[in-house]
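requesting a structural model of the entry that follows:
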Amino acid sequence: MVVEGYRGRVAPYLARLATPFLAWSPARLSVVSLVVSVLAGIVALSVRWGGPLLFLPVSLLIFTGGVFDALDGEVARRTQRASLRGDFLDHVFDRYADVAILLGLAASGFVNPELALLGLVSLLLVSYLGTQAQAVGGGRAYGGLLGRADRLLLLTFVAFLEFDLSLPWPWAPTSPLARLQLAGISFTVIDLAMVYFLVAGQLTVLLRARGIYAALPPTPGREPPPGASGERSSTGRPPLMR
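Numbering: from 1, shown residues only. So this is what the prediction gives:
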C-alpha cells in the first residue's frame with residue numbers, strides 16, 4: 001500500500017477532521033461515503049453529454065467519499081463504537097462504491113470500457129483477497145501496491161487531470177481534449193489509470209495470496225500465527241487502507 005507509509009503524517013489531520021463528527025454514528029458516515037461515491041459515478045456518466053468539465057465535480061466527489069470512508073473508522077475508534085457489524089457493513093458499502101465509480105467512468109466516453117471492466121475486476125479481486133485471509137482463519141490482509149486509499153487518490157487525480165486537460169491550456173493537444181496520441185495509439189489518462197489498476201491490482205493479489213498461503217498451517221490441527229497475514233487496528237481495520 002503506497003499511502004500506508006504516510007498514515008502517521010495523515011493521522012493528526014484525520015483526527016481533527018473527525019472531531020465535528022464524533023456525535024455521528026460510524027454507520028451514518030459509511031452511508032454518506034456510499035451516497036457521495038454513487039453521485040461521483042452518476043456525474044461521471046453525465047460526462048458523456050455534459051463534457052469533460054464535469055470531471056472536476058467527479059474528482060471532488062471521489063475525494064469526499066474517500067474522506068468520509070476514512071472518518072467512519074476514526075470515529076468508531078475514538079468513540080469506542082467499533083463493531084463487527086459496522087466493519088462488515090462498511091466493506092459492503094465500499095464494494096458498491098467501487099462499482100459505482102468505475103461503471104460511471106466506463107460509461108463516460110473517456111475510458112475504454114473493456115479496460116474499465118478489467119480494472120474493476122482487478123480491484124474486486126484485491127478486496128476479496130483482503131478478506132479471504134479471515135475466512136480461512138487468519139487476520140485480514142492489507143499488503144500490496146493497491147490499497148483502497150491508493151486507488152481513490154489515483155482516481156481523484158486522474159479525474160482532475162482529465163478536467164484540466166479539457167481546458168484550452170497550451171499543453172492540451174486539443175480543446176477540449178478528446179484523446180492523447182502516442183505511437184498511433186489513442187488513450188486518456190483514465191485509460192492509463194485502468195491499466196495501472198489491472199497490473200498493480202494483480203501484483204497485489206499475488207503478494208497477498210503468497211502471504212496468506214505462507215501463514216496457513218501446513219497440516220490440520222495447527223493454527224496460523226496471530227496477525228501473520230495482516231495487521232489490524234483497534235477498530236478492526238486500518239482507518240485508511242483496505
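
now the helices for the protein?
7-18, 26-50, 55-78, 84-106, 113-135, 148-165, 189-215 (DSSP state H).

the fifth one to helix 189-215, inter-axis angle?
Right, the one you point to is helix 113-135. Between the axis of helix 113-135 and that of helix 189-215 there is an angle of 20 degrees, by axes from the mean of the first three to the mean of the last three Cα atoms, to 10 degrees.

surely residue 82 and residue 76 touch.
Yes. At 4.2 Å, residue 82 and residue 76 qualify as touching, with contact defined as Cβ atoms under 8 Å. To be clear about C-beta, it is placed using only N, CA and C from the backbone, and glycine gets the same treatment.

of the two, which one has the most company?
With neighbours defined as other Cβ atoms under 10 Å, residue 82 and residue 76 compare such that residue 76 has more, 27 against 20.

pLDDT score for the more buried one?
The model reports residue 76 with a pLDDT of 92.

ok, residue 82 next?
In this prediction residue 82 is given a pLDDT of 86.

gap between it and residue 98?
The gap separating residue 82 from residue 98 is 22 Å, by Cβ to Cβ, to the nearest Å.

residue 216 reaches residue 132, doesn't it?
No. Judged on Cβ under 8 Å, residue 216 makes no contact with residue 132 at a distance of 11.1 Å.

measure stretch 12-32 end to end?
22 Å (Cα to Cα, to the nearest Å).

show me what counts as buried in that stretch.
14, 18, 21, 24, 26-27, 29-32 (16 or more other Cβ atoms under 10 Å).

tell me the least confident of the residues you listed?
The weakest per-residue confidence within the buried residues of stretch 12-32 falls on residue 14 (90).

what ranges in this structure fall below the confidence cut-off?
The chain contains residues with pLDDT under 70 at 1-6, 137-143, 168-186, 219-242.

center of it, which residue is that?
By Cα atoms, centre = their mean, the mean C-alpha position of the chain lies nearest to residue 148, the distance being 3.2 Å.

doesn't residue 95 make contact with that residue?
No. Using Cβ under 8 Å, residue 148 is not in contact with residue 95; the gap is 10.1 Å.

between those two, what contacts are shared?
With contacts defined as Cβ atoms under 8 Å, 6 or more residues apart in numbering, the residues shared by residue 148 and residue 95 are residue 127.

what's near enough to touch residue 158?
The contact partners of residue 158, by Cβ under 8 Å, 6+ apart, come to 189-190, 192-193.

how many residues are close by the nearest residue to residue 144 once chain neighbours are set aside?
Distances taken as Cβ to Cβ, 6 or more residues apart in numbering place residue 204 nearest to residue 144, at 3.0 Å, with adjacent residues excluded. A count of nearby residues for residue 204, using other Cβ under 10 Å, gives 27.
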